[in-house]
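Colleague: Model the structure of this input:
(one chain, ligands or ions: 3)
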Amino acid sequence: MADMHPSETAHPTRHAALLAWVDDIATLTTPRDIQWCDGSEAEWHRLSQQLVDAGTLVRLAADKRPNSFYARSDPRDVARVESRTFICSEKAEDAGATNNWRDPAETRADMNRLFAGSMTGRTMYVVPFCMGPLGSPNSVIGVELTDSPYVVLSMRIMARMGKPALDMLGNDGFFVPCIHSVGMPLTEGVADVAWPCNDEKWIVHYPETREIWSYGSGYGGNALLGKKCLALRIASVMARDDGWLAEHMLILKITGPDGASHNIAAAFPSACGKTNMAMLECALPGWTVETIGDDIAWMRVGQDGRLYAVNPEAGFFGVAPGTGPSTNRNAVDTLHANAIFTNTALTADGDVWWEGLTKTAPEGLTDWQGKPFDPANGTPAAHPNARFAVPASQCPSIAAEWDDPAGVPITAILFGGRRATAVPLVTEAYDWNHGVYLAANIASEGTAAAEGKVGALRRDPFAMLPFCGYDMCQYFAHWIETARKAPNGGANLPKIFLVNWFRKDANGKFLWPGFGDNARVLKWVVERSTGQTDAIDSPIGRLPAPGALDLGGLDLDEAALTELLGVDVELWKEEAAGNARDLAALGTIPAELAEQQARLEERLTV
Ligand code: GTP
Ligand code: SPV
Ligand code: MN
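Modeller: Ligands and ions are numbered 1, 2, ... in the order given. Predicted coordinates:
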């Protein structure tokens, strides 16, 4: 290699803009050294051993979970911080009513102060990654500069990370610059800790220039910047500008006894069942579900007028508690090796455990805060937002086409949330714009996936409230526009449904068994989409006709079914008023949605 350019020995790229940017950020953050990540096995082993030595990771017993690790975060760094997430568009109105807007020039000055010297004493890792299949023109490359080796390992699971992404970038390709610091410089006399972070947290997005700056957290979506920050907040803006959709949706493939397959996308808020549904084991004989994605879908209208979806991720970052052999066997089996667990409990024999993995907790557990677990004191062993990161390719139910750059044609889109009351098990939208109206009005009871009150009802339009990088009213308009511009007048686009697995009875018990039994609803959705079964009209949408929902083998009493499929008109008048009030609070909604609101009110009065 006598003729190699001198810089090539130090840097694995000749991308001048990338090299200049890495230089600039290093000058600002003053790391001890810089390491370019290639995503190799050797790098994985070196960094994981380094983190074991530092006490950040515990290596799990090799005979139980080979090549797997356990981390315990700082108790102040356990979930996404929505109140500290900012959209810094040039104009405040472009961020809309649902985002925290900040002036970009002011924020840049703040970030320059905050990041100055923030990587002192640490290594700055250069992490090239690709969201979407390698080589696809629809994939997006990002480069994350981070001072957290835990983030590097997690990014290697969650995205196509390292040399292949850098090669794809070439010498002048476009990339989204992502800067991440845990915000704990190792200045003179400061000793490192197992989970460095800072009480001051900032998750900052510049939508016009497609940039991400994240400070103070090492956890999940705050720190793995390819996921919510790039693949949703920045990508939603790119999608608006370029005529596609970036959505908080799982993608699954369902095959019936006749051998016909359909792909379904579904948007539920965080911790409302996407991963579980993506890996569903059908309770109906002859039906199977295969997994394509569990959290994010990028969708484009094809020349045939159908909507094609791609999962931009390469791994699952799933909620551990509640994941067990009876609820999600495929997830449990996926986790057999090569996984990172954070904030679960640790067993005495070097494995992980969480509530729901087995019926009773094993003896001798250490809880997520590192204390001996005492079931008597009432606090769980695993944090409710404890998570696993694991390669998607390991999932026993993964579909062959999961990484096909062409995507899969979508037959139906489901929207849903956690609603103890009012919202039926399943409702079919009358048409696309009615579906947009249903999705715009999703509300859900809060979960542990984000800071905030667990259980409090909040509006979460399209399950995108924390993830839409621009004005929500513009986003609704973009959805309406997508159908208007589609070939064949949008007639080949998916049908839209609203679902709710979380209706409760008077005693607070779930009325619907959920999980594998959700296949019964999927069957009706497929049959509706192919014109094989009946529905009845109701003021809020179409409901399964009596007997249309396959309940064979299910022990569900008549009263529960009536409640699950019932529409209480008086209650729905209140719901409709709530919709109108909350839509108005978003700004100027598209005329098509105002029309849907008027039609709903009309249907409720006749
Ligand atoms: P994020 O990764 O935060 O986006 O979550 P998610 O939408 O992928 O949710 P996940 O599938 O991890 O489920 C979250 C919680 O909901 C778990 O505790 C599940 O046990 C529970 N859950 C999932 N599906 C159902 C269901 O059909 N019925 C009931 N009752 N609970 C469910
Ligand atoms: C979610 O909260 O929707 C998640 C977890 O998928 S995180 O990646 O932390 O956003
Ligand atoms: Mn999610």
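Colleague: quick one: average pLDDT of stretch 109-129?
Modeller: Across stretch 109-129, pLDDT averages out at 98.
Colleague: what does stretch 140-155 give?
Modeller: Stretch 140-155 carries an average pLDDT of 99.
Colleague: quick one, strands of the stretch 351-500 of the chain?
Modeller: 352-353, 387-391, 408-416, 426-428, 443-445, 457-459, 495-499 (DSSP state E, counting those that start in this stretch).
Colleague: for the stretch 101-250 of the chain, that is, sorry about that
Modeller: Counting by DSSP E, counting those that start in this stretch, the strands of the stretch 101-250 of the chain are 123-131, 140-146, 160-161, 176-181, 202-206, 211-215, 245-247, 250-255.
Colleague: mind checking the backbone torsions on residue 509?
Modeller: As for residue 509, its main-chain torsions (degrees, to the nearest 10) stand at phi -100, psi 140.
Colleague: Show the pLDDT at it.
Modeller: The per-residue pLDDT reported for residue 509 equals 95.
Colleague: Quickly note the distance from it to residue 563.
Modeller: Note on residue 509: its distance to residue 563, by C-beta to C-beta, to the nearest Å, is 12 Å. Placement of C-beta: from N, CA and C, glycine included.
Colleague: Which one of the two is surrounded by more residues?
Modeller: Taking other C-beta atoms under 10 Å, residue 509 and residue 563 do not tie; residue 563 has more neighbours (19 against 8).
Colleague: since we're on the closest residue to the more buried one other than its chain neighbours, how many residues are nearby?
Modeller: Leaving aside its chain neighbours, residue 563 sits nearest to residue 511 (6.0 Å; criterion: C-beta to C-beta, 6 or more residues apart in numbering). Neighbours of residue 511 under the rule other C-beta under 10 Å: 20.
Colleague: which stretch among the strands of the stretch 351-500 of the chain comes nearest ligand 1?
Modeller: Nearest to ligand 1 among the strands of the stretch 351-500 of the chain is strand 387-391; the distance by C-beta to the nearest ligand atom comes to 7.6 Å.
Colleague: Run the chain-centre distance for that closest one.
Modeller: Mean-position distance between strand 387-391 and its chain equals 12 Å (C-alpha atoms, centre = their mean, to the nearest Å).
Colleague: what about it, average pLDDT?
Modeller: Regarding strand 387-391, the rounded mean pLDDT is 98.
Colleague: Alongside ligand 3, which residues does the protein contribute?
Modeller: 270, 295 (C-beta under 5 Å from the ion).
Colleague: Point out the residues in the stretch 201-350 of the chain that sit beside ligand 2.
Modeller: The stretch 201-350 of the chain has residues 220-221, 227-228, 270, 295, 317 near ligand 2, with proximity defined as C-beta under 6 Å from any ligand atom.
Colleague: Kindly write the ChimeraX command that selects the buried subset of those residues.
Modeller: In ChimeraX, a selection of the buried entries from these looks like this (16 or more other C-beta atoms under 10 Å):
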select :220,221,227,228,270,295,317
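Colleague: So among the residues of the stretch 201-350 of the chain next to ligand 2, where is pLDDT lowest?
Modeller: Ranked by pLDDT, those bottom out at residue 270, which has 92.
Colleague: still on that earlier bit, export the strands of the stretch 351-500 of the chain as JSON lines, with columns for mean neighbour count and distance to residue 466.
Modeller: Shown next, in JSON lines, are the strands of the stretch 351-500 of the chain (neighbours: other C-beta atoms under 10 Å; distance: least, C-beta to C-beta, whole Å):
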{"stretch": "strand 352-353", "mean neighbour count": "23", "distance to residue 466": "27"}
{"stretch": "strand 387-391", "mean neighbour count": "24", "distance to residue 466": "16"}
{"stretch": "strand 408-416", "mean neighbour count": "24", "distance to residue 466": "16"}
{"stretch": "strand 426-428", "mean neighbour count": "25", "distance to residue 466": "24"}
{"stretch": "strand 443-445", "mean neighbour count": "20", "distance to residue 466": "12"}
{"stretch": "strand 457-459", "mean neighbour count": "17", "distance to residue 466": "10"}
{"stretch": "strand 495-499", "mean neighbour count": "24", "distance to residue 466": "20"}
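Colleague: could these go into a markdown table alongside distance to residue 587?
Modeller: A markdown table is the format used below for the strands of the stretch 351-500 of the chain (distance: least, C-beta to C-beta, whole Å):
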| stretch | distance to residue 587 |
| --- | --- |
| strand 352-353 | 45 |
| strand 387-391 | 34 |
| strand 408-416 | 21 |
| strand 426-428 | 26 |
| strand 443-445 | 18 |
| strand 457-459 | 13 |
| strand 495-499 | 23 |
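Colleague: right, and the ones you listed - which one's nearest residue 212?
Modeller: strand 387-391 (19.2 Å; C-beta to C-beta).
Colleague: Tell me the residues of this structure that contact ligand 1?
Modeller: 268, 270-276, 294-295, 318-319, 321-322, 327, 449, 501-502, 510, 514-515, 518.
Colleague: where does the residue in the stretch 501-606 of the chain that ligand 1 sits nearest to land on pLDDT?
Modeller: Nearest to ligand 1, among the residues of the stretch 501-606 of the chain, is residue 514, at 2.5 Å (C-beta to the nearest ligand atom). For residue 514, the model assigns a pLDDT of 96.
Colleague: is it true that it touches residue 501?
Modeller: Yes: using C-beta atoms under 8 Å, residue 514 is in contact with residue 501, at 4.5 Å.
Colleague: any shared contact partners between those two?
Modeller: Common contacts of residue 514 and residue 501 (C-beta atoms under 8 Å, 6 or more residues apart in numbering): residue 273.
Colleague: So between these two, which is more surrounded?
Modeller: residue 501 (25 against 16).
Colleague: and that one, what does it touch?
Modeller: By C-beta under 8 Å, 6+ apart, residue 501 lies in contact with 273, 416, 425, 510, 512, 514, 518.
Colleague: From those residues, which land in helices?
Modeller: Taking DSSP state H, the ones among these that sit in helices are residue 518.
Colleague: how about the residues of the stretch 401-550 of the chain that lie near ligand 2?
Modeller: Proximity of the stretch 401-550 of the chain to ligand 2, by C-beta under 6 Å from any ligand atom, involves residues residue 449.
Colleague: same thing but at 8 Å, please
Modeller: Proximity of the stretch 401-550 of the chain to ligand 2 (C-beta under 8 Å from any ligand atom) is limited to residues 449-450, 466-467.
Colleague: any idea which of these is closest to ligand 3?
Modeller: Ranked by distance to ligand 3 (C-beta to the ion), those are led by residue 449 at 6.9 Å.
Colleague: That closest one - how many residues pack around it?
Modeller: 21.
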